[in-house]
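Participant: the amino acid sequence is not available; the structure is as follows:
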């Protein structure tokens, strides 16, 4: 499968194809004074095409029955063996589910992160802009602060645009993975 590359990080993907031989669901309900939540865990035993059996734990409701042929696509950081499920396909139902989308994968694998280096560079630029505008405007503080605010706004918008571009690219990659697996 085609890996996903972003900056200096690479996510590799692999498929596990097999037949469901057992499923067990468990529900967990948490109640506090202000909030109640419920979560469903599916423990699914799969007999792979090579005859080996594996167990997979899935969060959420997925219609899986004994005998269903499924494909589970997992993402791994390059060089690692532990990953997380991304796509679940039930071939008998001809349906698929995204287990972890681009936001989840970014959180799990730190693909698009805010670095301290960029923070210090932006802080240095901000101070430089403030000092430069103060000198050019004969110490007009409102103009200098306004210029700094415009710089911060520009950097914020630039960061959001970068993240949205990354997110679209990863979502398109995941959609391509789904298309490459036939029901």
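Facilitator: Noted; the coordinates are in hand. Computed from a predicted structure; not experimentally measured. Residues are numbered from 1 along each chain as shown.
Participant: distance of residue 13 from residue 2?
Facilitator: Note on residue 13: its distance to residue 2, by Cβ to Cβ, to the nearest Å, is 8 Å. C-beta here means a position set from N, CA and C on the backbone, and glycine is covered the same way.
Participant: more neighbours: which of those two?
Facilitator: When residue 13 and residue 2 are compared on other Cβ atoms under 10 Å, the one with more neighbours turns out to be residue 13, at 19 against 10.
Participant: show me what contacts that one?
Facilitator: Under the criterion of Cβ atoms under 8 Å, 6 or more residues apart in numbering, the contact list for residue 13 reads 1, 2, 3, 4, 73, 74, 75, 76, 86, 177.
Participant: quick one, which of these are buried?
Facilitator: Buried residues within the contacts of residue 13, defined by neighbour count using 16 or more other Cβ atoms under 10 Å: 4, 73, 74, 75, 76, 86, 177.
Participant: so what's the fifth one up against?
Facilitator: The contact partners of residue 76, taken as Cβ under 8 Å, 6+ apart, are 11, 12, 13, 14, 82, 83.
Participant: sheet-wise, list the partners of the longest strand anywhere in the chain with their directions.
Facilitator: As assigned by DSSP state E, the longest strand anywhere in the chain is strand 9-31. Counting by DSSP bridges, the strands paired with strand 9-31 are strand 4-6 (antiparallel), strand 36-48 (antiparallel), strand 69-77 (antiparallel).
Participant: mind putting those in a markdown table, mean pLDDT and distance to residue 157 included?
Facilitator: Listed next are the strands paired with strand 9-31 as a markdown table, based on pLDDT from 0 to 100; distance: least, Cβ to Cβ, whole Å:
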| stretch | mean pLDDT | distance to residue 157 |
| --- | --- | --- |
| strand 4-6 | 94 | 20 |
| strand 36-48 | 82 | 34 |
| strand 69-77 | 95 | 29 |
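Participant: any idea which of these is most buried?
Facilitator: strand 69-77 (a mean of 20; mean count of other Cβ atoms under 10 Å).
Participant: give me the next element, helix or strand, following it.
Facilitator: Per DSSP states H and E, the first helix or strand lying C-terminal to strand 69-77 is strand 84-90.
Participant: by how many degrees do that next one and strand 9-31 diverge?
Facilitator: Direction vectors for strand 84-90 and strand 9-31, defined by axes from the mean of the first three to the mean of the last three Cα atoms, to 10 degrees, enclose an angle of 80 degrees.
Participant: show me what the helix ranked longest in the chain is packed against.
Facilitator: Determined from DSSP state H, the single longest helix within the chain is helix 141-180. Counting contacts by 3 or more Cβ pairs under 8 Å, 6 or more residues apart in numbering; DSSP states H and E, the secondary-structure elements packed against helix 141-180 are strand 4-6, strand 84-90, helix 102-109, helix 116-136.
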